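S.K.: Mind folding the following:
(2 chains, ligands or ions: 4)
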Amino acid sequence: MTEKKELSPEIKEYLRKEFSQEWRKKLRKSLSVKERMKISRQKMPEREPEERNKDFNEVNLGLNEKLAKREARRCLDCANPQCVLGCPVGIDIPTFIKLIEIGDFVQSVRKMKETNSLPAICGRVCPQEIQCEDVCTMKKATGVPVAIGNLERFVSDYERINGEVFIPQIPPSTGYKVAVIGAGPAGLTVAGELARKGHKVTIFEALHVAGGVLIYGIPEFRLPKDILQSEVEYLKKLGAELKINFIVGLTATIEDLKNDGYDVFFIGTGAGLPNWMRIPGENLVGVYSANEYLTRVNLMKAYAFPEYDTPVYLGRRAAVIGGGNVAMDSVRIAQRLGAEQATIVYRRSRVEMPARTEEVKHAEEEGIEFHFLTAPIRYIGDEKGQVKAMECIRMELGEPDSSGRRRPIPIEGSEFTMEVDLVVVAIGQSPNPLIPKTTPQLKVGKWGNVEVDWDTMATNMEGVYAGGDIIRGGATVILAMGDARIAAAEIDKYLNNKKVRRKKT
Amino acid sequence: MATILKRERLVPNIHLLQVHAPEISRKCKPGQFVIIMPDERGERIPLTIADWDREKGSITTVVLVVGTSTHKLSLLKEGDEVPVFVGPLGKPSEIEKYGTVVCAGGCFGIGALYPIARALKKAGNRIITLLDVKANYLMYWEERLREVSDKFFVSARDSYYNCKDFMPYVLQDIIKKEKRVDRVISIGCTYLMSACSEATRPHGVKTLVSLNPIMVDGTGMCGACRVTVGGKTKFACVDGPEFDGHLVDWEELFARRKSYFEDEIQSLCYWEKINFP
Ligand SMILES: Cc1cc2nc3c(=O)[nH]c(=O)nc-3n(C[C@H](O)[C@H](O)[C@H](O)COP(=O)(O)OP(=O)(O)OC[C@H]3O[C@@H](n4cnc5c(N)ncnc54)[C@H](O)[C@@H]3O)c2cc1C
Ligand SMILES: Cc1cc2nc3c(=O)[nH]c(=O)nc-3n(C[C@H](O)[C@H](O)[C@H](O)COP(=O)(O)OP(=O)(O)OC[C@H]3O[C@@H](n4cnc5c(N)ncnc54)[C@H](O)[C@@H]3O)c2cc1C
Ligand code: SF4
Ligand code: FES
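M.R.: Ligands and ions are numbered 1, 2, ... in the order given. Below you'll find the predicted structure:
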């Protein structure tokens, strides 16, 4: 994976120019650094734990204009803004925050959209605490960073709610046909970027709703689905076509689509293959992969059974195995669906949990129990083949492994049994094997990931690019989007070269 | 959205459903299936492709009415639209020249078996078709299946057809009487397929079964459809649906298929109350 440690000279130059604008200078002078540092971080309003843990409405309520402006004042408008470096797509953070400070919310969101096409989503789901907010100067100075994520969320919601979404003028059609495979954040981003350039974009999606993990994985209480709906509407307004219920590889292969006249491909099929622990009893009734559990609840709306036809197990004692966002979402769903006891079982300790800090905090407030340094070794079923208990073993942490986290080691003789009637296995996903299996020429790495040149996102096949979880394994929305932006720029270049080649011949 | 071209009652509890799906019809092979969702609030359920017409761009399936989704399908009319009709899913049947093949089907499996028998026949096999119906009035597609069969048996409990015993017994008789049976393919309810596998096991005849575990996406993403075959966990939607019946953990499959037994009854009662008050 490429890690950008330095900003490119162009971005530095650009940031400097914005920084030196008159209005920015004036604004900086209007309040001293000392005064700015005195303002405390504005708390985003959220619903009470006891109320929210029973329904699927959003937990966070978002900043209001007053709170947002006050929070924006905390930003010191650094000459050398570390936050930009911390953002995987290099959003011009100080500029968008300063635009909030002067109350120009619409300009602020447009600024942001120059580098991030899905800010309403990223503002909600990015792990800001290990990205932009981790390196914010305010964090170093006062211990509490500027709430960059909350501000990002605020302006993009403002734009959407007030109908200010800007539809750019589309240049005349280039006549090139782009096939985007998968309608997750990666695919949607590529589609938006290329439709804006006048290419004819078709998005192929295997499921019956666009959005990828954002729709089938992340629950409504964290990411309301109408946000995604408006993103998809926006793409349609840009002229992109969405073909749902179309599985590339099965309904038609990449080869077939080439023959149908598609000039270039982007593979954004995500990491849809659930990992299992391969321990006894994993196929008992009541043991789910997180993918199945989440798909039943979020995509198929099993929470509204029997108004919706798809059922899901309602456990009384639910255990979710894992410590990432997927585990946190699953366990909070189990509780919302009525589990009396909803527990996270994680083999390392609290600090190693990869979930967003906010989600862990929210889960705790809502009454989720945590069993750290514990792992299941066997599920036990009743006479009907239904899970009724789980045998676990305690762990201790040893030397750091390849991921830099300390490796959990089972403590011999520490086995114990936990009564459970619902288990959700959320220990990670691997790249979706469907396209690799049906595209034999495509080069695939050791983990089933599609291999790309990290500078261009090009695969080994001409005119075929890839990005997001299919090349990384389960990663994040913002990384998927970052890949997608690089790929879109390269695809545009590729198509323009093609035009030149075509003219020559 | 896919448009219904035709919906016809074949026998009291089995319907034919023909859907406009040109892309799927271009690609599909015998043994594959589709996932259909009857309406916006519906469940995604798998149906085996029973026939297709590439010119018309149509896919034909045969639906046994059991619960909410299949009831909904049985009420569709020409011109109606379903929000999901996706495929072709699963691995196609292996079609080669094996010699003598017994094609054994029951209920919706009679339709599902047809394109497989037809392809096997075309590949030069001798086809013995053996169908199981509870009673003669539940038989359909007889002509079609006779056409692709060298020998044709129907076991119906009311003995209108040529044999009366439950199909696995007849299957055993056939294996004993024939000089050689190279392969058996069995499609129908889980019980029938497991019974056929048990019938052929002592004779060592390779027996393929088309498993029907509960599915959601049908693309290998969720693992709802996992079955144990030869001690290994397989996803029926991508690794199957056909497996060696002698290696399948039937007990697990029976249990997993019953996962939502009570919910299914509740769902059907709810649907009936709303639609037929
Ligand atoms: C429950 C959960 C919670 C998460 N929480 C967070 C979070 O808080 N913050 C964060 O940053 N990240 C989070 N993630 C990770 C993040 O969602 C992913 O990294 C991101 O969605 C990857 O985007 P993608 O576009 O690469 O793939 P996906 O979002 O997986 O989208 C892939 C799409 O391609 C479709 N597809 C697959 N194969 C085919 C095919 N052959 N033909 C057509 N379509 C196909 C799929 O149906 C899917 O719609 C979470 C993930 C999960 C599962
Ligand atoms: C690969 C495959 C091919 C199939 N082909 C056909 C076919 O050609 N014709 C046909 O009539 N039936 C077929 N089935 C079975 C069919 O999918 C089920 O009968 C149908 O889902 C029942 O739905 P329901 O809502 O009407 O009934 P329910 O009341 O919901 O369930 C009745 C029974 O169907 C099974 N079932 C329920 N939901 C699902 C689901 N989502 N996926 C699979 N099984 C489920 C359950 O085990 C249950 O015992 C096939 C199944 C599979 C897996
Ligand atoms: S590092 Fe923090 S204080 Fe500095 S510009 Fe970025 S958000 Fe503002
Ligand atoms: S149905 Fe989801 S993996 Fe097979």
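
S.K.: Return the backbone torsion pair for residue A:282.
M.R.: Recorded main-chain torsions at residue A:282 are phi -70, psi -20, according to degrees, to the nearest 10.

S.K.: Let me fix that, I meant to ask about residue A:40.
M.R.: Residue A:40 adopts backbone torsions of phi -90, psi 160, taken as degrees, to the nearest 10.

S.K.: From residue A:7, how far off is it?
M.R.: Look at residue A:40 and residue A:7: by Cβ to Cβ, to the nearest Å, they are 30 Å apart. Quick note: C-beta positions are derived from backbone N, CA and C, even for glycine.

S.K.: Looking at the two, which is more packed in?
M.R.: Between residue A:40 and residue A:7, counted using other Cβ atoms under 10 Å in any protein chain shown, the more crowded position is residue A:7 (16 against 11).

S.K.: I'd guessed the more buried one sits against residue A:85; true?
M.R.: Yes: the pair residue A:7 and residue A:85 passes the contact test of Cβ atoms under 8 Å, sitting 5.9 Å apart.

S.K.: for the helix or strand bottoming out on mean pLDDT in chain A, packing partners?
M.R.: When each helix and strand of chain A is scored by mean pLDDT, DSSP states H and E, helix A:477-504 comes last, with a mean of 85. Helices and strands touching helix A:477-504, by 3 or more Cβ pairs under 8 Å, 6 or more residues apart in numbering or on different chains; DSSP states H and E, are helix A:119-125, helix A:185-196, strand A:264-267, strand A:464-466, helix A:469-472.

S.K.: quick one: the longest one near chain B?
M.R.: No: judged by Cβ under 8 Å from any Cβ of the partner chain, helix A:185-196 and chain B are separated, with a smallest distance of 15.6 Å.

S.K.: In that helix, which residues are buried?
M.R.: Applying a neighbour-count criterion of 16 or more other Cβ atoms under 10 Å in any protein chain shown, one finds A:185-196 buried in helix A:185-196.

S.K.: Take that helix, keep the C-alpha atoms, and write them as PDB.
M.R.: Provided in PDB are the C-alpha atoms of helix A:185-196 (Å, rounded to 0.1, in the frame of the first residue of the first chain):
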ATOM      1  CA  PRO A 185     -18.200   4.000  -2.800                       C
ATOM      2  CA  ALA A 186     -15.300   3.200  -5.200                       C
ATOM      3  CA  GLY A 187     -17.600   2.600  -8.200                       C
ATOM      4  CA  LEU A 188     -19.900   5.500  -7.400                       C
ATOM      5  CA  THR A 189     -16.900   7.900  -7.200                       C
ATOM      6  CA  VAL A 190     -15.400   6.700 -10.500                       C
ATOM      7  CA  ALA A 191     -18.800   7.000 -12.200                       C
ATOM      8  CA  GLY A 192     -19.300  10.600 -10.900                       C
ATOM      9  CA  GLU A 193     -15.800  11.700 -12.000                       C
ATOM     10  CA  LEU A 194     -16.100  10.200 -15.500                       C
ATOM     11  CA  ALA A 195     -19.700  11.200 -16.200                       C
ATOM     12  CA  ARG A 196     -18.600  14.800 -15.400                       C
END
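
S.K.: What's the first helix or strand after the one helix or strand residue A:230 maps to?
M.R.: Assigned by DSSP states H and E, residue A:230 falls within helix A:225-237. Counting by DSSP H and E, the next helix or strand C-terminal to helix A:225-237 is strand A:241-243.

S.K.: So what touches that following strand?
M.R.: A:183, A:200-205, A:210, A:232, A:235-236 (Cβ atoms under 8 Å, 6 or more residues apart in numbering or on different chains).

S.K.: run the last query once more with 6 Å
M.R.: Identification of contacts with strand A:241-243 by Cβ atoms under 6 Å, 6 or more residues apart in numbering or on different chains yields A:202-204, A:210.

S.K.: give me the number of residues near the closest residue to ligand 3 within the stretch 1-150 of chain B?
M.R.: Nearest residue of the stretch 1-150 of chain B to ligand 3: residue B:40, at 43.5 Å (Cβ to the nearest ligand atom). Neighbours of residue B:40 under the rule other Cβ under 10 Å: 11.

S.K.: what about it, which helix or strand?
M.R.: In the assignment (DSSP H and E), residue B:40 maps to no helix and no strand.

S.K.: The one 10 residues further on too?
M.R.: Counting by DSSP H and E, the element that carries residue B:50 is strand B:45-53.

S.K.: got the buried residues for that strand?
M.R.: Buried, per 16+ other Cβ under 10 Å, within strand B:45-53: B:45-52.

S.K.: With just CA atoms, put the helix or strand following it into CSV.
M.R.: The helix or strand immediately downstream of strand B:45-53 is strand B:58-64, counting by DSSP H and E. What follows is strand B:58-64, C-alpha atoms only, in CSV (Å, rounded to 0.1, in the frame of the first residue of the first chain):
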residue,chain,number,x,y,z
SER,B,58,-37.1,-15.4,-21.9
ILE,B,59,-36.4,-17.6,-18.9
THR,B,60,-38.9,-20.2,-17.7
THR,B,61,-39.0,-21.4,-14.2
VAL,B,62,-41.3,-23.8,-12.4
VAL,B,63,-42.5,-22.8,-9.0
LEU,B,64,-43.9,-25.0,-6.2
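
S.K.: ok, what's across the strand from residue A:177?
M.R.: On the basis of DSSP bridges, residue A:177 is bridged to residue A:200.

S.K.: List the residues that contact it.
M.R.: Residues in contact with residue A:177 (Cβ under 6 Å, 6+ apart) are A:200, A:261-263.

S.K.: Out of the residues you listed, which end up buried?
M.R.: A:200, A:262-263.

S.K.: how close does residue A:414 get to ligand 3?
M.R.: Remark: distance between residue A:414 and ligand 3 (Cβ to the nearest ligand atom, to the nearest Å) = 45 Å.

S.K.: Nearest residue to that residue in space, ignoring adjacent ones along the chain?
M.R.: Sequence neighbours aside, residue A:394 is the residue nearest to residue A:414 in space, at 3.8 Å (criterion: Cβ to Cβ, 6 or more residues apart in numbering or on different chains).

S.K.: I figured the one you found was touching residue A:410, is that so?
M.R.: No: Residue A:394 lies out of contact with residue A:410 (Cβ atoms under 6 Å); the separation is 7.5 Å.

S.K.: Between the two, tell me which one has more neighbours.
M.R.: residue A:394 (18 against 15).

S.K.: hmm, who's touching the helix or strand encompassing that one?
M.R.: Residue A:394 belongs to strand A:387-400 when assigned by DSSP H and E. Residues outside strand A:387-400 that contact it (Cβ under 6 Å, 6+ apart): A:284, A:286-287, A:347, A:373-382, A:406-411, A:414-420, A:423.

S.K.: Going by residue numbers, what spans are helices in the stretch 1-150 of chain B?
M.R.: Per DSSP state H, counting those that start in this stretch, the stretch 1-150 of chain B carries helices over the ranges B:22-27, B:68-74, B:108-122, B:142-147.

S.K.: and ligand 4, which of those helices is closest to it?
M.R.: Closest among the helices of the stretch 1-150 of chain B, once you apply Cβ to the nearest ligand atom, is helix B:68-74, at 14.7 Å.

S.K.: contacting residues around that closest one?
M.R.: A:309, B:15, B:17, B:38, B:42-43, B:45, B:63, B:65, B:267-268, B:271.

S.K.: With stretch A:83-100 instead?
M.R.: With Cβ under 6 Å, 6+ apart as the criterion, stretch A:83-100 contacts A:7, A:11, A:18, A:24, A:27, A:68, A:72, A:75, A:77, A:81, A:107-108, A:111-112, A:115-116, A:131-132, A:134-136, A:148, A:151, A:478-479, A:482.

S.K.: got the residues of the stretch 101-250 of chain B near ligand 2?
M.R.: B:108, B:112, B:212-215, B:241 (Cβ under 6 Å from any ligand atom).

S.K.: out of the residues you listed, who's nearest residue A:178?
M.R.: Closest approach to residue A:178 among these (Cβ to Cβ): residue B:215, at 31.5 Å.

S.K.: Show only the entries of the contacts of stretch A:83-100 found in helices.
M.R.: Mapping the contacts of stretch A:83-100 onto helices (DSSP state H) picks out A:11, A:18, A:24, A:27, A:68, A:72, A:107-108, A:111-112, A:132, A:134-135, A:148, A:151, A:478-479, A:482.
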